[in-house]
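> Sequence plus the predicted model coming up.
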Amino acid sequence: MSKQTLSFQAEVAQLLHLVTHSLYSNQEIFLRELISNASDACDKLRFEALDKPALYEDAPNLEVRVTFDKAAKTLTITDNGIGMSQQEAIDHLGTIAKSGTKDFMGKLSGDQKADAQLIGQFGVGFYSGFIVADKITVESRRAGLQADEGVRWISGGTGDFEVETITRAQRGTSIILHLRDDADEYLNAWKLKQVIAKYSDHISLPILMEKEEWKDGELINPNDENGGRQPGGMVKTGEWETINKASALWTRPKKDITDEQYAEFYKTISHDHEAPLTWAHNRVEGNTEYTQLLYIPAKAPFDLWNRDKKAGVKLYVKRVFIMDDAEALMPTYLRFVKGVIDSADLPLNVSRELLQESRDVRSIREGSTKRVLSMLEELAKHDKHDTAAGADGVTDVVDADDKAKEGKYTAFYAEFGAVLKEGLGEDFGNRERLAKLLRFASTTSDAVTVGFADYKARMKEGQEAIYYITADTLAAAKNSPQLEVFKKKGIEVLLMTDRVDEWALNYLHEFDGTPLQSVAKGAVDLGKLQDEAEKKAAEEAAEAFKPVLAKLKEALKDKAEDVRVTTRLVDSPACLVVQDDGMSTQLARMLKQAGQQAPETKPVLEVNAEHALVKKLDGSVHFHDLAHILFDQALLAEGGLPEDPAAYVKRVNALLA
């Protein structure tokens with residue numbers, strides 16, 4: 001047997017310094033790296049054995065075994081993959097990715113985050129073992145070599161390493177970590193299983209560990225059963241068990257996966273006890289290759305509105321777990337989506353910072369966003385079916401899949417619709433698709449089921465805008481005085497009651513070429529829907545009312561920007577509106593409630609010249625009080641409060657006395 005001591009390539013020495021100074025932010029990553037390398041070694045053997053089946057020798061079943069020895073303080077990861085010859089051990093373990101050495105050193109920056117990414121990129125995850133070990137022994141034999149051509153490689157992670165020839169009957173590699181005192185938690189079967197389940201559960205090879213069972217300690221006094229026992233402990237049984245699922249669900253063909261398996265996998269990754277609403281499983285090929293398995297939950301989590309909470313899908317690279325909550329792969333407004341994205345192109349140690357900058361990640365994000373929107377569009381398309389008999393008397397037949405989707409979009413929207421609206425301001429590229437997915441109540445339906453397309457299909461001839469109103473509650477919206485003329489003429493108005501509506505509609509000004517118009521902004525102009533007689537009567541009323549308007553403006557100059565006669569009111573005496581480009585009073589209230597600054601804007605008071613209360617103003621000795629009551633009542637009608645409630649009550653009481 002030959003034995004020699006060699007020096008590490010200079011770059012490796014620097015790398016080891018980085019590793020031993022906590023290059024990895026998460027200590028347990030070392031196990032992921034070593035198991036991933038073991039899996040790769042088995043994949044290489046499988047590939048080479050396509051041409052040389054004899055490389056399998058007498059062990060065709062590829063596997064990874066994890067063992068530990070508490071007494072010796074060692075943790076061993078063994079695979080029966082391709083293995084290494086002595087020269088390969090020197091080349092692979094003593095140097096860094098030979099062809100990339102110069103590039104690697106050119107990019108070493110001292111920036112831990114960047115260097116962590118490089119470790120995965122250049123395939124040197126093996127050195128992560130030094131995070132927990134003060135010495136590593138590697139024993140290996142390449143498939144196809146004789147038993148006496150094995151190699152042992154030993155290093156303490158400093159300047160050099162030893163290599164010697166050994167006899168090794170089994171092909172493949174064993175990496176023996178001599179653990180430091182502060183890493184003894186990895187001499188515990190429960191801890192190892194937990195880490196492997198977290199990071200390597202979906203490695204497609206079986207990962208085996210020796211079974212353990214509890215054994216009571218020996219009697220302190222062999223002749224006295226009641227005298228007590230020595231401490232018991234877990235004892236290895238000699239049997240081996242697979243501790244990972246050994247099959248990445250998303251890598252299997254869709255035809256081989258049942259709905260029940262999809263649902264169970266969702267529950268595993270989401271910790272949700274309910275089955276998902278729907279899912280999509282696809283392999284994407286092109287400039288960027290990745291597999292996506294995305295789920296839409298049936299129920300919203302309690303912290304859905306916490307935008308600071310980390311959310312996103314699980315990221316894998318070549319079936320190796322990288323991180324939970326990879327928020328860069330999914331926009332914030334789709335934070336409810338759960339699932340897995342497995343990339344074939346990203347480096348193993350991709351950091352969150354790199355995710356923000358990577359072109360591949362942008363491509364995955366765009367593709368995944370479009371996939372989720374397609375899922376929602378599919379649900380929306382099947383949400384309602386018209387099964388009534390057609391003109392030919394034949395009733396449409398709805399297949400089982402379509403039937404199963406009925407009502408699901410309504411259920412989804414009840415849970416996540418308000419979050420989806422955030423996309424109008426966050427995702428310009430998909431704004432039109434999102435607009436088609438939005439649903440609202442309206443003056444013809446209390447149910448939140450009316451889409452913009454439905455509304456447009458019902459618009460009256462001559463109607464030139466999609467009318468809507470925002471309010472705190474459905475009741476407040478339905479009973480708003482601003483709707484009176486629209487109800488009178490049978491014009492549908494969308495009722496928007498989510499807090500996000502006011503913000504979101506700043507980014508959506510039209511739908512399919514038809515402008516959106518708030519009924520609480522600007523002067524009401526029904527265009528062709530208002531006949532000439534009505535317009536003429538309104539103009540005459542405004543002219544006759546001019547002296548009263550002038551007095552109202554003077555009385556309310558501190559509260560109202562303007563006072564004008566309106567045609568939008570039928571039963572109410574007055575209402576408040578804002579100018580077309582102004583901030584709505586509801587949004588201003590919301591901002592103040594949230595502790596944010598809102599611009600001080602005065603509303604416009606519109607009065608109904610035909611109302612008895614308004615007519616009573618002319619010549620009244622209580623003009624000033626009536627004017628203020630008129631304004632405050634208009635404020636109350638839209639959900640606001642008078643600036644001085646006590647003064648309002650005093651004025652009303654004085655008139656009632």
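Received it, and whenever you're ready, just let me know what you need.
> do you know how far residue 169 is from residue 193?
28 Å (Cβ to Cβ, to the nearest Å). No exception for glycine: its C-beta is placed from N, CA and C like everyone else's.
> So which of those two has more stuff around it?
residue 193 (16 against 10; other Cβ atoms under 10 Å).
> which ones are touching the more buried one?
Contact partners of residue 193, counting by Cβ atoms under 8 Å, 6 or more residues apart in numbering, are 209, 243.
> What strand or helix carries it?
According to DSSP states H and E, residue 193 maps onto helix 189-199.
> how many other residues sit next to residue 356?
Residue 356, neighbours per other Cβ under 10 Å, totals 11.
> pLDDT score for it?
Listed pLDDT for residue 356 reads 75.
> Excluding sequence neighbours, find me the nearest residue to residue 440.
Using Cβ to Cβ, 6 or more residues apart in numbering and skipping the chain neighbours, the partner closest in space to residue 440 is residue 494 (4.5 Å).
> Who does the one you found form a beta bridge with?
Judged by DSSP bridges, the bridge partners of residue 494 are residue 442, residue 468.
> Tell me if I'm right that it and residue 467 touch.
Yes: here residue 494 lies in contact with residue 467, judged by Cβ atoms under 8 Å, at a distance of 7.0 Å.
> So what pairs up with the residue nearest to residue 173 when sequence neighbours are not counted in the strands?
Counting by Cβ to Cβ, 6+ apart, residue 140 is the residue found nearest to residue 173 once chain neighbours are left out, at 4.1 Å. With DSSP bridges as the criterion, residue 140 is bridged to residue 151, residue 173.
> Contacts only, for the residue nearest to residue 440.
Residue 494 touches 440-442, 450, 455, 466-469, counting by Cβ under 8 Å, 6+ apart.
> Who are the packing partners of the following helix or strand past the helix holding residue 193?
For helix 189-199, the following helix or strand on the C-terminal side (DSSP H and E) is strand 207-215. Packing partners of strand 207-215 (3 or more Cβ pairs under 8 Å, 6 or more residues apart in numbering; DSSP states H and E): strand 64-69, helix 189-199, strand 233-242.
> in strand 207-215, what's buried?
207-209 (16 or more other Cβ atoms under 10 Å).
> which one of the residues you listed sits closest to residue 314?
residue 207 (18.5 Å; Cβ to Cβ).
> residues touching that closest one, list them.
Residue 207 touches 35, 63-66, 196, 200, 242-244, 246, counting by Cβ under 8 Å, 6+ apart.
> Now residue 424: which helix or strand?
Secondary structure (DSSP H and E) places residue 424 in helix 423-426.
> for that helix, what is the average pLDDT?
Per-residue scores along helix 423-426 average to 93.
> Hmm, residue 195 is touching residue 28, no?
Yes: if you go by Cβ under 8 Å, residue 195 and residue 28 touch, sitting 4.8 Å apart.
> Could you tell me which residues make contact with the residue lying closest to residue 517 once chain neighbours are set aside?
Excluding the flanking residues, the one nearest residue 517 by Cβ to Cβ, 6+ apart is residue 465, at 3.9 Å. By Cβ under 8 Å, 6+ apart, the residues touching residue 465 are 514-517.
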